[in-house]
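J.: coords below, sequence missing:
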C-alpha cells in the first residue's frame, strides 16, 4: 500500500507570520530544522534515558496509554527538556499566533510509541475549561488557549507510528468519531516528517497514534504553553537550581513553575 500522508508545508523558523496563518487554519503547523544537530542529539539522549527508566519501572504491559504507548510525563526538571523552552526557532511562531510575548510555559514532556503499538483513537488534549450558563460559548469558540510544541526525535513514518491529525478540527463542535466510525481519510492522515521538525499544535485539534510496525521506538518530546489570557494553577516542577541556569527569556516563561526550595 503506498504511504499516505498529510500534505503539509514545513515552514522555516524565520517565517512566523506564514506559520501562524497555517496554525489558525489547520490547528497545527510544522517548523523545519527547529533543533540543531547538537540539540537533537542531546534531546535523544535524554529521551533514551527516561524511556529505559520508565520501561524498567512500569513494564510494557502496563504502559499508561495502552498498546506499548507511553507518556513521558512532566520532565522539565531535566536539562534536555528545559533547553527546549526558549528556542529561537519556535517562539516567534507562538508570538505571531498570540500576538503577544506574555504567554507562559506550563511544563515539558511528550510521548513515545514502542514496537507493537496499536492504533489509538482520535482525541483532543483539552476538555471544557469554561462554563457558560447560557450554553452559548464553549472552549471550541475561543482562540487557542493551550499550545504544545512536539519535537520529532526520529523520522516519523508510516512504519514507526507517525501521528495522524485531522486539520481544522480545533474549533469543531462535532463529536470525535470512535475507531469504528472514523472515515478512512482520517485514519490515513499521517504526519510524516524528518527528525528535528517541531509540530506546533492547538491541543484541541483531533489527533491519534498509529501502529508502530517497526523494530524501533518512536519518541517525541514537547513543551507546553498557555495563552496570555489563560492562567490555570501550575505545579512547581522546575528545580530552582536549574531555573537559575536558564536564559532570561526562559526564566520569564517558567516563572510560575519554579520550586521555592529544591527537592533533596
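T.: Looks like it arrived, so ask away. Remember, it's a predicted structure, so these values are computed and weren't measured experimentally.

J.: Helices of the stretch 51-200 of the chain, residue ranges please.
T.: Taking DSSP state H, counting those that start in this stretch as the criterion, the stretch 51-200 of the chain contains helices spanning 79-82, 91-98, 184-187.

J.: Looking at those helices, which is nearest to residue 235?
T.: When those are compared by C-beta to C-beta, helix 79-82 sits nearest residue 235, at 14.6 Å. Placement of C-beta: from N, CA and C, glycine included.

J.: What helices and strands are in contact with the closest one?
T.: helix 37-58, strand 104-113, strand 218-226 (3 or more C-beta pairs under 8 Å, 6 or more residues apart in numbering; DSSP states H and E).

J.: Against residue 103, how distant is residue 186?
T.: When distance is defined by C-beta to C-beta, to the nearest Å, residue 186 is 30 Å away from residue 103.

J.: Nearest to residue 29, out of the helices and strands packed on helix 79-82?
T.: Residue 29 lies closest, by C-beta to C-beta, to one member of the helices and strands packed on helix 79-82: strand 218-226, at 14.2 Å.

J.: residue ranges with poor pLDDT in this protein?
T.: Along the chain, the parts satisfying pLDDT under 70 run over 1-5, 7, 60-67, 262-264.

J.: Which residue of it lies farthest from its centroid?
T.: Distance from the C-alpha centroid of the chain, by C-alpha atoms, centre = their mean, peaks at residue 134 (32.7 Å).

J.: what about the strands in the chain?
T.: With DSSP state E, the ranges of strands along the chain come out as 10-11, 28-31, 69-71, 104-113, 146-152, 164-165, 198-202, 207-208, 218-226.

J.: before we move on, the earlier item: compare residue 186 and residue 103 (neighbour count), which wins?
T.: Applying other C-beta atoms under 10 Å to residue 186 and residue 103 shows that residue 103 carries more neighbours, namely 20 against 16.

J.: My read is that residue 132 contacts residue 139, right?
T.: No. With contact defined as C-beta atoms under 8 Å, residue 132 does not reach residue 139; the gap is 9.9 Å.

J.: So which of the two has more stuff around it?
T.: Neighbours were tallied for residue 132 and for residue 139 using other C-beta under 10 Å; the higher tally belongs to residue 139 (17 against 11).

J.: contacting residues for the more buried one?
T.: 126-130, 145, 204 (C-beta atoms under 8 Å, 6 or more residues apart in numbering).

J.: Need the max-distance pair from the residues you listed.
T.: With distances taken as C-beta to C-beta, the most widely separated pair in those is 130 and 204, at 12.9 Å.

J.: Between these two, which is the more surrounded one?
T.: For the pair residue 130 and residue 204, the greater number of neighbours falls to residue 204 (21 against 11), based on other C-beta under 10 Å.

J.: Let me see the contact set for the closest residue to the more buried one other than its chain neighbours.
T.: Excluding the flanking residues, the one nearest residue 204 by C-beta to C-beta, 6 or more residues apart in numbering is residue 170, at 4.3 Å. Each residue near residue 170 by C-beta under 8 Å, 6+ apart is listed here: 27, 140, 144, 202, 204-205.

J.: what about 10 Å?
T.: 23-28, 124, 126, 140, 142-144, 201-206 (C-beta atoms under 10 Å, 6 or more residues apart in numbering).

J.: Check residue 18 too.
T.: The contact partners of residue 18, by C-beta under 10 Å, 6+ apart, come to 9, 11-12, 29, 93, 96.

J.: try residue 156
T.: Per C-beta under 10 Å, 6+ apart, neighbours of residue 156: 5, 113, 150, 162-163, 190-195, 197, 199, 210, 218, 220.
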